[in-house]
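Engineer: Provided below for reference: sequence and predicted model.
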Amino acid sequence: MPSLATPRPLLRAIKKQVGKVKVSLRSQGEALEELFQLFTSERQHLKRFSYMNDPRLRLAYLRYHLPLNTVRSICVLKDLLKRYPAIAETEWITDMGAGPGSSTIASLLTLPANRTRRYLLTDQSRGALRVAREIFEECAPAAKDGVKTSITTLQQKLPMLPRFQGPTLVWMSMVVNEFDHPERRGIDIKRFFNKLAEKLPPGSTVVIIEPGLRAPGRRLLELHDSLLESQRWEILAPCTHQKSCPLLGEAKRPWCHFHFRWQPGDIVKQIAVPLGLAAGKGSMSYLAMQPAKEGGLLGNRDPELARVIGDPMDVRRTGEGIYLCQDGKRRVFRNPPKETTRGALLKRGRQNRDARLVAPWPGGSPEAKRPRKERKDRRKPPEKPGKT
């Protein structure tokens, strides 16, 4: 199966950051465990500016969460570019709530380097933006043949929005889950996205990435339906339709999430392996959309286009099957081709024999699993720690 490697320029930049501060590896590992607590059970104490200013927590974040989130964004961006290649022509990239800039680095190292790009990173933390700029400058290619890459940082707290100069690729990576704390953030999520839709120039794209866990994943499904209901947004991915999410009505509360194989690099393994972290795989939920204005990316939707949203399972009396989301419904696709993994795009007519693979999922599948039973109710293992 294919896998996504942490880009070498990023690994070099992280190593340079690690070399600036004398903090033992053991202390960094303990700091990483503290971060997991902050990102999950102690979220009420979470303040981005505090952990990015603490040398121990910052190094732990840079050595594990930054490369993991960068690869998450690379995976999503590769998937989007297959269906919407016009995104590659975007000159303006804005990373809101950027932290140290994981989605910015993903864009920098994934989008074609043959055109000028202008990056704007916003965050409430001055320290995070300083680190983001240092890592960006370490990773950015030298100017060549008139092609320039620039970065601007802006200390700004959401829900404030920056000025958008033209069609923009907007990233919101591990940010929307923080909207769940109105007592701390004071953000009305519906009002925020209505305002964003009004301010964005036509042809812009917004990409939201969240942890691959049930709670943030279900909230993202609810946001999906709220955005469609507002009639201010059109959904690009992972959905292949403009209809309500079929998973919201399911009794077992499933959520739309995707896996990827990951080659983390030695600097990540050194801090992750002693903690028993599975550094060779990752997951996320995501949503990509555009303002419902002229000049966008969408054309006529094909009701035969489907996204694979499950892993292989045993289907009673018919062998193996896999769940698809197609035309606003969750369907079972029986006896799929072996290369059909969660996240793949298929074109499927009324009969299964008419199905064909349109685009494989760029992150592959984390591991070969035995098909699960479709009707058997099994207890799921506890969710692994996520992050904001």
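Structural biologist: Thanks, I have it.

Engineer: Could I get the full set of helices for the stretch 201-350 of the chain?
Structural biologist: Assigned by DSSP state H, counting those that start in this stretch, the stretch 201-350 of the chain shows helices spanning 214-230, 266-272.

Engineer: could you dump those to a markdown table with mean pLDDT and mean neighbour count?
Structural biologist: Glycine gets a C-beta too; all of them are placed from N, C-alpha and C. Below are the helices of the stretch 201-350 of the chain laid out as a markdown table (pLDDT from 0 to 100; neighbours: other CB atoms under 10 Å):
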| stretch | mean pLDDT | mean neighbour count |
| --- | --- | --- |
| helix 214-230 | 95 | 18 |
| helix 266-272 | 92 | 18 |
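
Engineer: Any idea which of those helices gets closest to Leu305?
Structural biologist: Closest approach to Leu305 among these (CB to CB): helix 214-230, 17.1 Å.

Engineer: Mind listing residues that contact that closest one?
Structural biologist: 176-177, 180, 189-190, 193-194, 197, 208, 210-211, 233, 235, 239, 242-245, 247-248, 253, 255-257, 285-287, 289, 383, 386 (CB atoms under 8 Å, 6 or more residues apart in numbering).

Engineer: cool, and stretch 150-161?
Structural biologist: 96-97, 104, 117-126, 129-130, 132-133, 136-137, 140, 162, 175, 185-188, 191-192, 195-196, 199.

Engineer: Could you tell me the end-to-end distance of that stretch?
Structural biologist: 20 Å (CA to CA, to the nearest Å).

Engineer: How about stretch 332-347?
Structural biologist: Taking CA to CA, the first and last residues of stretch 332-347 lie 14 Å apart.

Engineer: Might you report the residue contacts of Ser107?
Structural biologist: Ser73, Leu77, Ile93, Arg117, Tyr119, Leu169, Trp171.

Engineer: Check which helix or strand the first one maps to.
Structural biologist: So the one you mean is Ser73. With secondary structure defined by DSSP states H and E, Ser73 is part of helix 66-83.

Engineer: For that helix, buried residues please.
Structural biologist: Going by neighbour count (16 or more other CB atoms under 10 Å), the buried part of helix 66-83 is 66-81, 83.

Engineer: what does stretch 250-257 give?
Structural biologist: By neighbour count on 16+ other CB under 10 Å, the buried set for stretch 250-257 is Pro254, Trp255, Cys256, His257.

Engineer: Name the residues that touch it?
Structural biologist: 212-214, 217-218, 220-221, 238, 245, 247, 283-285, 309, 325, 330, 377.

Engineer: Now a PyMOL select for only the buried ones of the residues you listed.
Structural biologist: Entered in PyMOL, the line below selects the buried ones among the contacts of stretch 250-257, by 16+ other CB under 10 Å:
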select buried, resi 212+213+217+218+220+221+238+245+247+283+284+285+309+325+330
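
Engineer: Okay, and which of the contacts of stretch 250-257 map to strands?
Structural biologist: Among the contacts of stretch 250-257, the members found in strands (DSSP state E) are Ser283, Met284, Ser285, Cys325, Arg330.

Engineer: Let me see the confidence value for the first one.
Structural biologist: The predicted local confidence for Ser283 comes out at a pLDDT of 93.

Engineer: Ok, the fourth one next?
Structural biologist: Listed pLDDT for Cys325 reads 95.

Engineer: before we move on, back to that, ok, then the element right after the helix holding Ser73?
Structural biologist: Next element after helix 66-83 (DSSP H and E): strand 92-96.

Engineer: Tell me the gap between that following strand and the middle of its chain.
Structural biologist: 14 Å (CA atoms, centre = their mean, to the nearest Å).

Engineer: go on, stretch 247-258?
Structural biologist: 18 Å.

Engineer: So for stretch 168-181, mean pLDDT?
Structural biologist: Averaged across stretch 168-181, the pLDDT comes to 87.

Engineer: Isn't Gly99 up against Asp123?
Structural biologist: Yes - the criterion here is CB atoms under 8 Å, and Gly99 meets it with Asp123 at 6.1 Å.

Engineer: residue boundaries of the strands in the stretch 151-300 of the chain?
Structural biologist: Using DSSP state E, counting those that start in this stretch, the strands of the stretch 151-300 of the chain run over residues 168-173, 205-211, 233-237, 258-263, 281-291.

Engineer: and for the second one, what are the contacting residues?
Structural biologist: By CB under 8 Å, 6+ apart, the surrounding residues in contact with strand 205-211 are 69, 72-73, 76-77, 80, 84, 87, 90, 103, 168-177, 196, 200, 216-217, 219-220, 223, 236, 283-290, 297, 386-387.

Engineer: switch to 7 Å and redo it
Structural biologist: Strand 205-211 is touched from outside by 72-73, 76, 87, 169-174, 176-177, 216-217, 220, 236, 284-290, 297, 386-387, with contacts defined as CB atoms under 7 Å, 6 or more residues apart in numbering.

Engineer: That one vs helix 66-83, what angle?
Structural biologist: Counting by axes from the mean of the first three to the mean of the last three CA atoms, to 10 degrees, strand 205-211 points 140 degrees away from the direction of helix 66-83.

Engineer: Convert the C-alpha atoms of strand 205-211 to CSV, please.
Structural biologist: Extracted in CSV, the C-alpha atoms of strand 205-211 (Å, rounded to 0.1, in the frame of the first residue of the first chain):
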residue,chain,number,x,y,z
THR,A,205,-11.7,27.1,-1.3
VAL,A,206,-11.9,26.4,2.4
VAL,A,207,-10.5,23.2,3.9
ILE,A,208,-11.3,22.1,7.5
ILE,A,209,-9.3,19.3,9.0
GLU,A,210,-10.2,17.7,12.4
PRO,A,211,-9.0,14.7,14.4
